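Undergrad: Need coordinates for the following:
(chains A and B)
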Amino acid sequence: MMADFLTAQSEDFSKWYNEIVQKADLADYSPVRGCMVIKPYGYTLWERIRDELDRRFKETGHVNAYFPLFIPMSFLQKEAEHVEGFSPELAVVTHGGGEELEEPLVVRPTSETIIGHMYAKWIQSYRDLPVLINQWANVVRWELRTRLFLRTTEFLWQEGHTAHATETEAQEETLRMLDVYTDFAVNEAAIPVLPGRKSESEKFAGAVASYTIEAMMKDGKALQSGTSHFLGQNFAKAFDIKFLDEGNVQQYAWTTSWGVSTRMVGAVVMTHGDDQGLVLPPRLAPIQAVIVPIWRKDQERAAVLEAARALYQQLAPTVRVKLDDRDELSPGWKFNDWEMRGVPLRIEVGPRDVAQQTVMLARRDMPGREGKTSVAQAGLPQSVAEMLATVQQAIYQKALAFRESHIADVQTYDELKEAIQTGFARAWWAGGREDEARLKEETKATVRCIPMEQPGGSGPCVLTGKEAQEIAIFGRAY
RNA sequence: CGGGGCGUAGCGCAGUUUGGUAGCGCGCACGGUUCGGGUCCGUGAGGUCUAGGGUUCAAAUCCCUACGCCCCGACCA
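TA: Model (predicted):
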């Protein structure tokens, strides 16, 4: 059954995305260009993302803190590449309290600089290290072109900033957080991601090395869904983050930073969504199961509602469940509505179910009759939990299968060009900055990442023909 | 910043060519009906037609100017 209230993905994926984000009440446009209002349903989804990430940060020894929104302009200028990278997209405050400020304040685009400044004060000894701090914050980047969740002028994210005594330790931290992101993406968001290193021209402004988790959206385009940066001593030198080591020698600290943003919401939407609307992974879904009561006559209504309420009470302690007892809407309407909103599981309760002490479970990821099973009301929390776990696994496998069938191993530049029309290309790569620029110019594709998992050996670079030690993933990106 | 599209009821749109009482669908409110895949009927509320200026007896409609938004591209989490 085709939805006529939503543009089909195959017709115009971009239009589908814009429509579903608004129709499912995730977000709305604001009066300020490029900014969005995150509506309660979308914000709850973000809260789920936030909670699961935050739990993992705590488990790996990090603590939260909060640094200011405003950063003195001069701070950004202390790291040459950093200022060069971010200058074009800064929002700058020049006036306050009716007077022109002595020094303009930048609305943070990211917080390496102000945190670096503070770390310089806090770190004196190797005994003060490591510093493992994360903050949940909003940041502002004056992007030329914005899209809800994928690229907004203001967005929410977390940024972890750590300082370490040794290079090795900082590198380990960088990769540890990449693992945390991968684990989150796979196990919570059900998004298969390719963890890897960013190429020279794609890395973070001021980083020695950047790592990323790259996801493939349903239109075959890549979405950078999280990044972890090894900053070396670049920021330590710019902000004078020094400590005395065990041998009483002054050393610069080694720092990292890593972030995941509200863009992750867009990743969830574009990884799992279909022509009926959102498909949310059970572990992140604001509502995991919705109970839809069905009746014909008044006496049925009373019995069905009573049963539905009892089921709600039974499920509420362990499942994020909602009872849709709205009187004025037909069951069919509700089915479509909750499917559009991506609720993973629907629990239908009608007169037949009341009589038989059963309910009908309908999976969001399997449309129509195929996804429906009748189960006993007794032990429903268990059945629902199992079904939610099944759906979580199923949508991950589906997304993984989609990605794998849209990655092509290619040997030639022509094959690469063809592959990136529908997905990713994987090939030997030994190109530099200029080769990447040429690639982008000619194909609109970029090196998405150099995957952590490498086949070993060597082969001819897909673009330059030079002997290459590594394979890279190529694709068009958001 | 380049290219394209659009600003008319909460939303989606028609009306603009050829100036003459501002409409349709959905939604919303009320009453009834219906309910296992977007029920049906009736009644009703809701508009400085993006803004400013001009032409005209008369402007949503013609002319000028400004602003805003969306899409595609360049830049980017």
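Undergrad: What residues does the stretch 101-250 of chain A have near RNA strand B?
TA: Counting by CB under 7 Å from any atom of the strand, the residues of the stretch 101-250 of chain A close to RNA strand B are A:141, A:143-147, A:150-153, A:155, A:157, A:204, A:224-225, A:227. No exception for glycine: its C-beta is placed from N, CA and C like everyone else's.
Undergrad: In those residues, which residue is surrounded by the most others?
TA: Of these, A:Ser225 is surrounded by the most neighbours, 27 neighbours in total, counting by other CB atoms under 10 Å.
Undergrad: which phi and psi does it have?
TA: Listed backbone geometry of A:Ser225 is phi -110, psi -10, with angles given as degrees, to the nearest 10.
Undergrad: try A:Asp298
TA: Phi and psi for A:Asp298, reported as degrees, to the nearest 10, are phi -60, psi -40.
Undergrad: Kindly report the same for A:Val83.
TA: The main-chain torsion angles of A:Val83 are listed as degrees, to the nearest 10 and equal phi -70, psi -40.
Undergrad: and A:Arg397, which of the three is it?
TA: Careful, residue A:397 is Gln and not Arg. Three-state call for A:Gln397 (DSSP: H, G, I helix; E, B strand; the rest coil): helix.
Undergrad: And for it, the neighbour number?
TA: Other residues within reach of A:Gln397 by the criterion other CB under 10 Å amount to 12.
Undergrad: thinking again about what came up before, can you tell me which of the residues of the stretch 101-250 of chain A next to RNA strand B comes closest to A:Arg433?
TA: Closest approach to A:Arg433 among these (CB to CB): A:Phe204, at 15.0 Å.
Undergrad: and the closest one, what pLDDT?
TA: According to the predicted model, the pLDDT of A:Phe204 comes to 92.
Undergrad: Just list the residues touching it, thanks.
TA: By CB atoms under 8 Å, 6 or more residues apart in numbering, the contact list for A:Phe204 reads A:Gly85, A:Lys198, A:Ser210, A:Thr227, A:His229, A:Ser257.
Undergrad: Can you pick out the ones from the residues of the stretch 101-250 of chain A next to RNA strand B that are in strands?
TA: Among these, the ones falling in strands (DSSP state E) are A:Phe155, A:Trp157, A:Gln224, A:Ser225, A:Thr227.
Undergrad: bridging residues for the first one?
TA: The one in question is A:Phe155. A:Val139 (DSSP bridges).
Undergrad: and which of the residues of the stretch 101-250 of chain A next to RNA strand B is nearest A:Phe57?
TA: The shortest approach to A:Phe57 among these belongs to A:Trp157, at 12.8 Å (CB to CB).
Undergrad: which residue sits closest to the closest one in space, ignoring its chain neighbours?
TA: Sequence neighbours aside, A:Ser261 is the residue nearest to A:Trp157 in space, at 3.6 Å (criterion: CB to CB, 6 or more residues apart in numbering).
Undergrad: so what's that neighbour up against?
TA: When contacts are counted by CB under 8 Å, 6+ apart, A:Ser261 touches A:Phe155, A:Leu156, A:Trp157.
Undergrad: Next one, pLDDT for it please.
TA: At A:Ser261 the predicted local distance difference test score is 94.
Undergrad: was I right about A:Gln454 contacting A:Ile471?
TA: Yes - with contact defined as CB atoms under 8 Å, A:Gln454 reaches A:Ile471; the gap is 6.4 Å.
Undergrad: Name the residue of the stretch 301-450 of chain A that lies nearest to RNA strand B.
TA: As assessed by CB to the nearest atom of the strand, RNA strand B sits closest to A:Gly350 within the stretch 301-450 of chain A, at 2.2 Å.
Undergrad: my bad, should have said the stretch 151-300 of chain A
TA: Of all residues in the stretch 151-300 of chain A, A:Gln224 sits closest to RNA strand B, at 3.4 Å by CB to the nearest atom of the strand.
Undergrad: repeat for the stretch 1-150 of chain A
TA: Going by CB to the nearest atom of the strand, RNA strand B is nearest to A:Arg33 of the stretch 1-150 of chain A, at 2.6 Å.
Undergrad: wait, doesn't that residue sit right on A:Thr153?
TA: Yes - the pair A:Arg33 / A:Thr153 is scored as a contact, 7.2 Å apart, by CB under 8 Å.
Undergrad: List the residues that are in contact with both of these two.
TA: Listed contacts common to A:Arg33 and A:Thr153 are A:Thr146; contacts here mean CB under 8 Å, 6+ apart.
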